[in-house]
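Enquirer: From the sequence below, what's the structure:
(chains A and B)
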Amino acid sequence: MTDISANHTGLQGTSSDVVAAGLPRRNRKQSLVKTFGILAIGFAFLMLFILVGSLVLTGYKAFTQTHVTLDVFIDPEAVPADKLPRGGFNDVLASALISHFSDVDMTSRTEVRAATKILSNGAQFALRDQVVANPGLIGQTVTLTVPVSDTYDQLNKDLIDRDTPEQNRLLSNAEIARFDILKDAGMITKPLNTGLITNADSRFPELAGLRGALVGSFWALLVCFVISFPLGIGSAIYLEEFAPKNKISDFIEVNINNLAAVPSVVFGLLALAVFIGWFGMPRSAPIVGGMTLALMTMPTIIIATRAALKAVPPSIREAAMGVGASQQQVVFHHVLPLAMPGILTGTIIGLAQALGETAPLLLIGMNAFITSAPDSPFQAATALPTQIFIWADSPERGFVSRTSAAILVLLAFLITMNAIAIFLRNKFERKW
Amino acid sequence: MNDMRPLERMVNTDNIKISARNCHVFYGDTQAIKDVNVDIEDHTVTAFIGPSGCGKSTFLRCLNRMNDTIDICRVKGTFLIDGADIYDKSVDPVQLRAKVGMVFQKPNPFPKSIYDNVAYGPKIHGMARTKAELDEIVERSLRRGAIWNEVKDRLHAPGTGLSGGQQQRLCIARAVATNPEVLLMDEPCSALDPIATAQVEELIDELRAQFTVVIVTHSMQQAARVSQKTAFFHLGNLVEFGETGQIFTSPQDPRTESYITGRIG
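Expert: Residues are numbered from 1 along each chain as shown, chains lettered A, B, ... in the order given. Presented below is the predicted three-dimensional model:
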C-alpha cells in the first residue's frame, strides 16, 4: 500500500512539472490566436465603416433636392384652353422667373433661354399636368414649386466652388448672381427628395428616381420567389426524405452544391440563350430577370432546406412513424413545420442575394434606359443594382450622389431582409 | 409486484400472440440477430434483457417494421402476429404500426398540445368521425396512460412542457390511442428518475390487461419487477427464454447466470 501511494505521488510530481513547463508556451499561443482574431475583426469593421461612411458622405446630398417656388401667371394667350394639353408652358414659366431678374432682356430668346436654365426641364411638365387636371387655372396666378436644374442644385449644395476662376466653372458669375437673387428672396428651398423614390429614371439627374428600379426589382424577386421556393423545397424534401441513398442521389447532391458556386454571369448567359433566344421571351423584362435569379437562388434554398430538415431530431420522425403515420405524413405533419423557420431564413437570405445580383441582369438587358415603372413583369424595366450601374456610368455630376444614395437604398433593403430572417429564426426556433 | 416468487407470477394463457422463427437481421455486413426463435404470449409482459449491442432493440424494432426505414438493414425469417406474416407483401407497415404501438427510450412528444399528441394517431387513421368521439378517445387514452388526472385541466398546453415522467406516460397514452394489440417499449424508463420509473412500471403492469407488452430494458431489476417472461439476448443470440422467476432464480445457461450475477455485460 505504502509503495503504491509513494509511487503515485512521485508520478504526479513529475507529470505536473512537465505540464507546468509547457504552460507558458501554450498560453502564448492562445493569446496569439486571440490577438489575431481581434485584429481581423477590427480590420473588417474598419472596412465596413469606411464603406458605409463614404457612401453616406457622398449619398446624403441626394436625399434633398433644391426647389424654387414661383408665382406663375398662366397667360390665356400663351396657354389657350382649347389647345390643351399643348401650350407655351415654358414661356409662362420663363416670364414668371425672369420678372425677378433686371439684367435679362425679355425680347432676346438667347438670354431668356440662358436664364431659364435654372429651372429643371421637368418644371414645364409639372405645370402642364396641373393645368390639364384643372383648366380653370388659366388666367390665374398659381404658386408652383419645381426642382431647379442639376447644376444649380450642385451650386446650392456647395458642390460648385464659387472661388474657382469663372472660365473653369460650370456657372458664370451672372448666373450665380441670378440664383442668389432668388435665394435672397426666399424662393429657394431644399426639401426632402421624395422624387428619388417616386420618380422613374430620367436623363436629368434632378428628375431621376428609383421607382422604375424598385418596381422592377419587386417583380423580378416575386417571380424568383414563386419559382424557386416551391421547386427548391420540393427537391430538398425529395432528396432528403424520399430519395434512396445511392450513387445517383450522391451525384445530384454534389452537383447542387456546385451549382450554388457557379458565377452568376454564367446564369445570365444561359438565360440569354434559353429564355430570350429559344423561348423568345421579352428582353429587359423582370419575368426573365426573375427566372434567371431563380436559377441562382434554387441551390441556396435546396441546401438551406436540407440542412433544416436534417436538424429535425430523428425522435420526432420515429414518434410519428410509431403511431402509424406514412412517410408523407411524417414529413408534412411533423418534419416540415419544424424545419420551416430554417427554410424561411435560408430563402430570405437567398432572395437578398438575388436582390443584389447585377451581372445576370446586365446580360438579359435589364440595364436599359427606361423612364417609366413597369406595370407587369412582362414590360421592360431595370432593377436596383442595374440602376446603380447605369447611374454610376452617367457623366452628369448629379448622378454621383444619386449613385451613392441608390446604393444606400439597396443596402437598406438587404439589411431589412436579413433582419426579417433573423427575427423569424429567433421567433420560431424550437428548443429540443 | 416487487416480489420474486415465481410460482405466483406464472401466467400461461397458452395464447401465442407473436411468433418469430429463424430470424436473422443484418446491418450491411454485420449480423445483429442470429437465428432467433421466440413465442410471445398474449396479455403478458415480456422483457428482453442483455448487454448493450446484443440485438434486443433491433429485434424489438423488427416487430413493427421500424427497421424498414434503415436502408442498410435486412431482415430474414418469419414474424407472425396472430398467425399472419407481418413481412408479407400485402401488409402495409403503416397499418401494422397502428396495430403494434411503440414507446421509445427518450420521451418524444410532438411539439404540439397534449390533446393533439394523443389525437394525432386516431386522426390520421380516421378512427374518429366526430369531435366528440375524438375527445372520448383522447380521454380514454390519457386515462390508460395514467396521466389524465394530471393534465385534464391543460389539454391544450404543449406536451413538451411536461416533466420527463409525464412526457413518457403521454407517449404511452399516444401509443395506446390507436388501440393497438401489441405495445413495444424500448427502454421506456432509461431517461426517467426512480419515482417516474415506478409510476411507469406500475402503468406497464396495468396495461397487460389489454395489450401484449414487449419491453426492452437494461435494468434487470425492472425486468424482474414488471415482466412475466424474460428473454436474454447475448451477441445477437437468444440465449434463454422463459418464466421471469425461473430466469432470475435458476438460469439454465451459464451465460445468463453470468449476466444476471453481473459478471458479463
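
Enquirer: What is the burial count for A:Met296?
Expert: Using other Cβ atoms under 10 Å in any protein chain shown, A:Met296 is surrounded by 24 other residues. Glycine gets a C-beta too; all of them are placed from N, C-alpha and C.

Enquirer: hang on, I meant A:Ala213
Expert: 27.

Enquirer: ok, it touching A:Ala406?
Expert: Yes: judged on Cβ atoms under 8 Å, A:Ala213 makes contact with A:Ala406 at a distance of 7.5 Å.

Enquirer: Show me the common contact partners of these two, please.
Expert: Residues touching both A:Ala213 and A:Ala406 (Cβ atoms under 8 Å, 6 or more residues apart in numbering or on different chains) are A:Leu384, A:Gln387.

Enquirer: how about the residues of the stretch 101-250 of chain B near chain A?
Expert: B:101-104, B:106, B:108-111, B:120-121, B:124-125, B:171, B:174-175, B:177-178 (Cβ under 8 Å from any Cβ of the partner chain).

Enquirer: Out of those residues, list just those in strands.
Expert: B:Gly101, B:Met102, B:Val103 (DSSP state E).

Enquirer: which of those residues count as buried?
Expert: By neighbour count, with 16 or more other Cβ atoms under 10 Å in any protein chain shown, these hold B:Gly101, B:Met102, B:Val103 as buried.

Enquirer: List just the nearest of the residues you listed to A:Leu23.
Expert: B:Val103 (51.2 Å; Cβ to Cβ).

Enquirer: With adjacent residues omitted, what lies nearest to that closest one?
Expert: Spatially, and ignoring its direct neighbours in sequence, B:Val103 is nearest to B:Met185 (4.5 Å; Cβ to Cβ, 6 or more residues apart in numbering or on different chains).

Enquirer: Let me see the residues that make contact with the strand or helix carrying that neighbour.
Expert: Using DSSP states H and E, B:Met185 sits within strand B:182-186. Here strand B:182-186 makes contact (Cβ under 8 Å, 6+ apart) with B:17-18, B:57, B:60-61, B:63-64, B:81, B:99-105, B:172, B:175-176, B:204, B:207, B:211-216.

Enquirer: C-terminal to it, what's the next element?
Expert: With DSSP H and E, the next secondary element past strand B:182-186 is helix B:194-207.

Enquirer: show me what contacts the residue with the largest distance to the centre of chain B?
Expert: For chain B, the residue at maximal distance from the C-alpha centroid (Cα atoms, centre = their mean) is B:Thr130, at 30.2 Å. Not one residue lies near B:Thr130 by Cβ under 8 Å, 6+ apart.

Enquirer: ok, it to A:Gly290 distance?
Expert: 47 Å (Cβ to Cβ, to the nearest Å).

Enquirer: for A:Tyr60, same thing?
Expert: 32 Å.

Enquirer: between those two, who's got more neighbours?
Expert: The residue with more neighbours, out of A:Tyr60 and A:Gly290, is A:Gly290; 26 against 13, by other Cβ under 10 Å.

Enquirer: Remind me which helix or strand that one belongs to.
Expert: helix A:286-310.

Enquirer: Does whichever helix or strand comes after that helix pack against any helices or strands, and if so which?
Expert: Beyond helix A:286-310 on the C-terminal side, the first helix or strand identified by DSSP H and E is helix A:314-322. For helix A:314-322, the packing partners by 3 or more Cβ pairs under 8 Å, 6 or more residues apart in numbering or on different chains; DSSP states H and E come out as strand B:100-103, helix B:164-176.

Enquirer: Show residues contacting the helix or strand immediately after helix A:314-322 in the chain.
Expert: Once helix A:314-322 ends, the next helix or strand along the chain (criterion: DSSP H and E) is helix A:327-329. Under the criterion Cβ under 8 Å, 6+ apart, residues A:Glu241, A:Phe242, A:Ala320, B:Ile124 lie in contact with helix A:327-329.

Enquirer: Let's see which of these end up in helices.
Expert: Residues from the contacts of helix A:327-329 lying in helices, with DSSP state H as the criterion: A:Ala320, B:Ile124.

Enquirer: could you measure A:Asp161 against A:Ala174, distance?
Expert: The gap separating A:Asp161 from A:Ala174 is 17 Å, by Cβ to Cβ.

Enquirer: Pull the residues that contact stretch A:178-190.
Expert: In contact with stretch A:178-190 (Cβ under 8 Å, 6+ apart) are residues A:64-70, A:100-101, A:103-104, A:115, A:118, A:145, A:148, A:152, A:155-157, A:171.

Enquirer: 10 Å instead?
Expert: Applying Cβ atoms under 10 Å, 6 or more residues apart in numbering or on different chains, the contact partners of stretch A:178-190 are A:61, A:64-71, A:97-98, A:100-104, A:114-115, A:117-118, A:145, A:148, A:151-153, A:155-157, A:162, A:171-172.

Enquirer: Taking those residues, please make a ChimeraX selection of just the buried ones.
Expert: Selection command for ChimeraX covering only the buried members of these, criterion 16+ other Cβ under 10 Å:
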select /A:61,64,65,66,67,68,70,97,98,101,104,115,118,148,151,152,153,155,156,157,171
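
Enquirer: Contact partners for A:Cys346?
Expert: Actually, residue A:346 is Gly. It isn't Cys. A:Gly346 neighbours (Cβ under 10 Å, 6+ apart): A:232-233, A:236, A:297, A:300-308, A:339, A:421, A:425.

Enquirer: so where do the strands sit in the stretch 101-250 of chain A?
Expert: Remark: strands assigned in the stretch 101-250 of chain A by DSSP state E, counting those that start in this stretch are A:141-147, A:188-189.

Enquirer: same deal with the stretch 1-150 of chain B?
Expert: For the stretch 1-150 of chain B, strands defined by DSSP E, counting those that start in this stretch occupy the ranges B:16-27, B:30-41, B:45-49, B:73-81, B:84-85, B:100-103.

Enquirer: can you redo these as a markdown table with mean pLDDT?
Expert: Listed next are the strands of the stretch 1-150 of chain B as a markdown table, based on pLDDT from 0 to 100:
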| stretch | mean pLDDT |
| --- | --- |
| strand B:16-27 | 90 |
| strand B:30-41 | 90 |
| strand B:45-49 | 93 |
| strand B:73-81 | 90 |
| strand B:84-85 | 88 |
| strand B:100-103 | 92 |
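
Enquirer: That'll do, ta.
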